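In: Show me how the following folds:
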Amino acid sequence: MAKRFVFWGGYAGRNLGDEAILWAVSQLLRKLEPTASQCVLIPDGVPVDVEAQYAAWQIEVIKGRMPGCLDILRTARLIVGGGQMVDDTTLGWPVGWSSLFIAINAFFGQKPLVLCIGAEPLTRALPRFLVRHMYGLAKACTCRDDESTQVLRDAGISANKVWTTRDVVFSLDRCLIPQHQATGSTKTSVALVVAYDPNRVLDTISRYTKLIDALLECDMEVQLVAHDLRADYDVRARDEIYAMYKNDLRVRAPEARSVDEVLTIYSHSDAVISGRMHPLILASLAGTLPIAFGGKAKVQSLIAMSAIPTLTGDVPVQQASQVQQLLEQRSNLLPAIASAVDNFRINVENATERALKL
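Out: Next comes the predicted model:
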């Protein structure tokens, strides 16, 4: 059994989904190997508030100039993931750096693991080569959906090393998460997660404003939430949208800088509407109704695997009506969602326990 784990992924407080992943990985490994110490490799360091949060989770931050900070890879077992840790958008992050760290860790006999990751199709030769030969050095690669598993196998990693599990955030203990509470308001309150990526621009501002207008017509209150905290991503779109409604008290934009803060928002909302995956998972864990609103392949895969409902069509008035109908069915929908979440939790725990024994 490992005496120390070192985590590597998209951490540092920039994305609440990635922070939930780190928290979940930490909690899961602490449950399975309670005596092992934990640290996270972030060479550039983290803001003071993020480091304080990690300290509360009993995770030490390994930072400093390279190659000095990489010395941790000689003595601790590397855990790569979860999150999307395979794509070929750049040669550095995530595949390039992850490949280097896995190779160093394997060289020193530390048995690295790749856990609960997502993977997008690889079209470039070099990332495919690195995934096959470097990720393939890991003792196991568990993936959060079948599509990601196939990407790794297509790249050439042995099929018996690659398993399908579920996203590690499903493993979080509900006892650690604030549960849904009725606000006492006569109005329905929904949290609308704004997703914006300037490199992809999958969602436009007007798509959100049209839905907000329709929700307001249905006498609902709307809270705008950002998960990606980088200035040019979700935060930019949230602030731009909120500026259009700054004189309307029915629309608010609470600033969540941590997983705890966003969970507080979700637990006080009647529904969480999102095209991002992790808000839907966190809402499910908080006992709030998650409602999918578009989203990439990983969100569509989540919908297919679970009982999470989705808004259909592209007419905002009809979508707002669907939200009303889903909220009326809440008492029937939530037990099925909770059952799926429990099954996913067991799946993740079992797969991770199996991987740790390798």
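
In: in the stretch 1-150 of the chain, which spans are helices?
Out: Applying DSSP state H, counting those that start in this stretch to the stretch 1-150 of the chain gives helices spanning 16-32, 48-56, 72-75, 95-107, 125-133, 146-155.

In: Contacts made by the fourth one with the rest, please.
Out: Outside helix 95-107, the residues within contact range by C-beta atoms under 8 Å, 6 or more residues apart in numbering are 8, 41, 70, 73-74, 77-78, 80, 85-88, 90, 111-112, 114, 127, 130-131, 134-135, 137-138. Heads up, the C-betas are built off the backbone N, CA and C, glycines and all.

In: Poorly predicted segments of the stretch 151-300 of the chain, please.
Out: Along the stretch 151-300 of the chain, the parts satisfying pLDDT under 70 run over 183-184, 200-203.

In: now the strands for it?
Out: For the stretch 151-300 of the chain, strands defined by DSSP state E, counting those that start in this stretch occupy the ranges 162-164, 188-194, 220-226, 251-252, 271-274, 289-292.

In: helices or strands up against the fourth one?
Out: This means strand 251-252. strand 220-226 (3 or more C-beta pairs under 8 Å, 6 or more residues apart in numbering; DSSP states H and E).

In: what do you get if the cut-off is 10 Å, keeping everything else the same?
Out: strand 188-194, helix 205-217, strand 220-226, helix 234-244 (3 or more C-beta pairs under 10 Å, 6 or more residues apart in numbering; DSSP states H and E).

In: of those, which approaches residue 327 most closely?
Out: Minimum separation from residue 327 across these (C-beta to C-beta) falls at strand 188-194, 6.3 Å.

In: List the strands paired with that closest one, with their directions.
Out: strand 220-226 (parallel), strand 271-274 (parallel) (DSSP bridges).

In: Out of the ones you listed, which gets nearest to residue 29?
Out: strand 271-274 (27.2 Å).

In: so of the helices of the stretch 1-150 of the chain, which one's packed in deepest?
Out: Comparing the helices of the stretch 1-150 of the chain by mean neighbour count (mean count of other C-beta atoms under 10 Å), helix 16-32 ranks first with a mean of 22.

In: C-alpha coordinates for that helix, CSV please?
Out: The C-alpha trace of helix 16-32 is given here as CSV (Å, rounded to 0.1, in the frame of the first residue of the first chain):
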residue,chain,number,x,y,z
LEU,A,16,-15.1,24.3,-9.4
GLY,A,17,-15.6,21.0,-11.2
ASP,A,18,-11.9,20.2,-11.0
GLU,A,19,-11.9,21.3,-7.4
ALA,A,20,-14.8,18.9,-6.7
ILE,A,21,-12.8,16.2,-8.4
LEU,A,22,-9.8,16.8,-6.2
TRP,A,23,-11.9,16.7,-3.1
ALA,A,24,-13.6,13.5,-4.2
VAL,A,25,-10.3,11.8,-5.1
SER,A,26,-8.9,12.8,-1.7
GLN,A,27,-11.9,11.6,0.2
LEU,A,28,-12.1,8.3,-1.7
LEU,A,29,-8.4,7.5,-1.2
ARG,A,30,-8.5,8.5,2.5
LYS,A,31,-11.4,6.0,2.9
LEU,A,32,-9.5,3.2,1.1
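
In: what's the angle between it and helix 48-56?
Out: 20 degrees (axes from the mean of the first three to the mean of the last three C-alpha atoms, to 10 degrees).

In: Quick one: mean pLDDT for stretch 122-137?
Out: With pLDDT averaged residue by residue, stretch 122-137 scores 96.

In: Nearest approach to residue 121 belongs to which of the strands paired with strand 188-194?
Out: strand 271-274 (23.6 Å).

In: Please parse the chain into its domains.
Out: Domain assignment for the chain, taken from automatic domain parsing, gives 4-164, 175-340.

In: Give me the pLDDT for residue 2.
Out: 68.

In: Leaving out chain neighbours, which residue sits closest to residue 264?
Out: residue 178 (5.9 Å; C-beta to C-beta, 6 or more residues apart in numbering).

In: mind listing what the one you found touches?
Out: The contact partners of residue 178, by C-beta atoms under 10 Å, 6 or more residues apart in numbering, come to 260, 263, 264, 265, 266, 267, 268, 285, 286, 287, 288.

In: run the last query once more with 7 Å
Out: Listed by C-beta atoms under 7 Å, 6 or more residues apart in numbering, the contact set of residue 178 reads 263, 264, 267, 286.

In: how near is the last one to residue 160?
Out: To tie it back to what came earlier, the one meant is residue 286. 37 Å (C-beta to C-beta, to the nearest Å).

In: for residue 79, same thing?
Out: Applying C-beta to C-beta to residue 79 and residue 160 gives a distance of 20 Å.

In: Just the CA atoms of the lengthiest strand in the chain, as CSV, please.
Out: Criterion DSSP state E: the longest strand present in the chain is strand 77-86. Output in CSV follows, covering the C-alpha atoms of strand 77-86 (Å, rounded to 0.1, in the frame of the first residue of the first chain):
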residue,chain,number,x,y,z
ARG,A,77,2.4,7.2,-5.9
LEU,A,78,1.0,9.4,-8.7
ILE,A,79,-2.7,9.7,-9.2
VAL,A,80,-3.6,11.4,-12.6
GLY,A,81,-7.2,12.5,-12.8
GLY,A,82,-10.0,12.7,-12.8
GLY,A,83,-11.3,15.2,-15.3
GLN,A,84,-10.5,15.4,-18.9
MET,A,85,-6.9,14.3,-19.0
VAL,A,86,-6.7,13.2,-22.7
